[in-house]
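Engineer: coords please:
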Amino acid sequence: MSKVLKNWSYLLISDVIQQVIGFVVVILLARKLSPDGYGLFNVIISVATIFSVVAQFGMSNVVIRELSLNPETTASFIKKIIIPFRILSFVVAIIAFFIYNTINVTVDDTRSIYIVLIILNLSLWNFSESIAFGHEVTKYSSILNIFVSIVWLISILAIPEKFLVVNTILLVYCLLHFVRGVSYVAIISKVFYLPQLFKSKKTTLSRLQFFKMVLPYVWLILIGTLSLELPIQFLNKNASLNEVGYFAVGYKLMIPISIAVSTAFKAIFPMFTKLFARDKLEFENKLKIGFNLIIVSGTLIAIISSLVSKYLIPMVFGESYSSSVLVFNFLVWFSVISILDALLSNGLSSAYKERVLAILATIDVIIMLPLLYYASYFGAWALALVKLTTGIVFLGYHLYVFIKVLKVDIFNKNLIILLSFYFLSMTVCLLINFEVYQVLILSIITLFFVKIKNSPFVATLNVIKKIINKKTNI
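Structural biologist: Coordinates of the predicted model:
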C-alpha cells in the first residue's frame with residue numbers, strides 16, 4: 001500500500017507543479033506573442049500531438065500490464081516487441097504527417113522539422129514512461145517533468161523580447177523535450193534493461209498477439225485526441241490563426257479545473273472498481289453523490305467565472321484577447337457537462353465496460369466532427385458553442401446507456417432539480433448581458449432552489465462544507 005501511495009504522491013506533486021507552471025507559460029506566451037503567433041504555436045503543437053498518437057500506437061497500457069506481470073522478461077520484451085513496434089510506428093507517423101501536410105499545407109518545411117522532433121520526443125518519453133510504470137516506478141517521470149517545466153518557464157522569461165518569436169519558442173521547446181526524452185531512455189536502460197534480474201526470462205508474447213492487444217487502445221486514444229485537437233486544425237483551415245489563438249486561450253483557462261478533476265478521478269477510480277464488485281447499491285449511492293457534487297460546485301464555479309471573465313481575460317492576457325471571453329464562457333459551462341461525462345466513463349471502466357466506452361466515443365466523434373468543421377467557418381466562439389450543445393446532448397444519451405448497461409437507478413427527482421439549477425443559471429449567464437440583471441436573476445434562482453422542501457441543493461452544499469472542513473482539519 002505504501003508503494004501505491006508513494007507513486008501516487010509523486011504523480012500528484014508533479015502534475016500540480018506542471019499544470020501551474022504550464023498555466024503561467026500560457027499567459028506569458030499569449031501576452032508576448034500576437035493572437036496569430038500564439039495561434040500558430042498551438043497549430044504546430046496540435047498537429048504533432050495528433051501524429052504522435054500514431055507513433056505511440058496505443059502501446060502504453062499493454063506494456064505496463066505485461067511488465068507488471070512479468071518483470072523478469074523486461075529486456076527480452078523491449079528488444080523483441082517494444083523497439084521494433086516503436087521504430088515502425090514512428091516511421092508510419094512521419095510518412096502520414098508528410099502526406100497530410102502535402103495535401104493540406106498546414107505548416108512550411110522549416111516548421112515541419114519541429115513537428116517531426118516533437119513526435120520523436122513524445123515517442124521517446126512514452127516508450128520510457130510505460131516501461132517505468134510497468135515496474136511501478138513513477139519518480140523518474142515526476143522529477144524529469146518538474147525539471148523541464150521549470151527550465152521551460154525560465155527560458156520563456158529569459159529570452160529577449162525581440163527574439164521571442166514562434167520559431168525560437170519551438171526550438172527551445174524541442175531541445176528541452178529532446179533532452180527529457182533521451183535522459184529517460186538512458187535511465188530506463190540502466191535501471192530496467194541492463195541488470196541481470198530483468199534478463200532472466202524470455203518473453204512468450206508474440207508480435208501478433210501484442211498487435212491485437214494494442215489495437216483497441218489505438219482507436220480509443222486516436223478518437224479522443226482527434227476530438228481535442230481537430231477543432232484547432234479546423235479553425236486554422238477555415239478561419240484564421242487569430243481565431244486559433246482566441247480558442248486556445250479560452251480552452252487553456254480550463255487548466256485549473258482539469259487539475260482538480262483529474263486528481264479526483266485518479267483517487268476515486270479504485271474505490272468505484274471495488275464498490276461495483278462488492279456492493280452495487282453503495283456504488284449507485286456514491287455515483288449519485290458524485291453527480292450532485294459536480295453539478296452544484298461546477299455550476300457555482302461557472303457562474304463566478306462567467307461574471308468575471310470579461311474583466312479577467314483582458315487583464316491577464318491583454319486587450320487583444322477580448323474575443324476569448326465568449327469562447328471561455330461557453331467552454332466553462334461545457335466543462336461541467338464534461339466532468340459529469342467523465343464520472344460516467346469512470347463508472348463504466350470500473351464495471352469493465354471498455355467496449356461500451358469505445359462505441360460511445362466513436363458515435364460522439366462521428367456526430368461532432370462535421371458540426372465542429374462547419375462551426376469553424378464562424379470562428380472560435382461558434383466552435384465553443386458547438387462543444388457545449390453537443391456535450392449536453394451526448395451527456396443525455398450517455399446517461400441513458402449507463403443506466404441500461406449497469407442497471408443502476410441514478411436518474412431521480414434530486415438529479416432533475418439540480419440539472420434545472422445548472423440549465424437556468426447557464427441560460428442567464430450566456431443570454432443576459434447586463435451584470436446587474438444577471439446577479440439579480442441568479443440570486444432569485446439560487447434562493448428558489450434553496451427554499452425547495454428537502455432541497456438537494458442545500459444537502460449538497462452541506463456535503464461540500466463537510467469535505468472542506470475535513471480537509472482543513474487534516
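
Engineer: Quickly list the domain ranges of the chain.
Structural biologist: Residue ranges for the domains of the chain, per automatic domain parsing: 1-252, 256-474.

Engineer: mean confidence score for the shortest one?
Structural biologist: Yep, that's domain 256-474 we're talking about. Per-residue pLDDT over domain 256-474 has a mean of 80.

Engineer: likewise stretch 26-33?
Structural biologist: 81.

Engineer: do the same with stretch 161-177
Structural biologist: For stretch 161-177, the per-residue pLDDT averages 85.

Engineer: Would you indicate which residues of it are buried?
Structural biologist: Using 16 or more other Cβ atoms under 10 Å as the burial criterion, the residues of stretch 161-177 that qualify are Leu164, Val165, Val166, Ile169, Leu170, Val172, Tyr173, Cys174, Leu176, His177. The C-beta positions use only the backbone N, C-alpha and C, and glycine is treated the same way.

Engineer: Same question for stretch 435-452.
Structural biologist: Buried, per 16+ other Cβ under 10 Å, within stretch 435-452: Gln438, Ile441, Leu442, Ile445, Thr446, Phe449.

Engineer: Okay, and which of these map to strands?
Structural biologist: Members of the buried residues of stretch 435-452 lying in strands (criterion: DSSP state E): none.

Engineer: host element of Lys453?
Structural biologist: Here Lys453, judged by DSSP states H and E, is contained in no helix and no strand.

Engineer: Equivalent analysis for Ile27, please.
Structural biologist: helix 2-32.

Engineer: after that helix comes which helix or strand?
Structural biologist: Criterion used, DSSP H and E; the element after helix 2-32 is helix 35-56.

Engineer: Quick check: His398 touching Leu344?
Structural biologist: Yes: with contacts counted by Cβ atoms under 8 Å, His398 reaches Leu344, the gap being 5.4 Å.

Engineer: that older thread, can you add secondary structure and distance to Ile410 and give the buried residues of stretch 161-177 back as CSV?
Structural biologist: Shown next, in CSV, are the buried residues of stretch 161-177 (DSSP: H, G, I helix; E, B strand; the rest coil; distance: Cβ to Cβ, whole Å):
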residue, secondary structure, distance to Ile410
Leu164, coil, 50
Val165, coil, 52
Val166, helix, 47
Ile169, helix, 46
Leu170, helix, 47
Val172, helix, 48
Tyr173, helix, 44
Cys174, helix, 47
Leu176, helix, 45
His177, helix, 42
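
Engineer: At which residues are the helices of the stretch 251-400 of the chain located?
Structural biologist: 255-278, 280-317, 324-350, 354-375, 380-406 (DSSP state H, counting those that start in this stretch).

Engineer: Tabulate these (JSON lines), appending mean neighbour count and distance to Ile187.
Structural biologist: Conversion of the helices of the stretch 251-400 of the chain to JSON lines gives the following (neighbours: other Cβ atoms under 10 Å; distance: least, Cβ to Cβ, whole Å):
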{"stretch": "helix 255-278", "mean neighbour count": "15", "distance to Ile187": "24"}
{"stretch": "helix 280-317", "mean neighbour count": "18", "distance to Ile187": "37"}
{"stretch": "helix 324-350", "mean neighbour count": "23", "distance to Ile187": "30"}
{"stretch": "helix 354-375", "mean neighbour count": "16", "distance to Ile187": "31"}
{"stretch": "helix 380-406", "mean neighbour count": "19", "distance to Ile187": "39"}
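
Engineer: Asp15 is nearest to which of those?
Structural biologist: helix 255-278 (6.9 Å; Cβ to Cβ).
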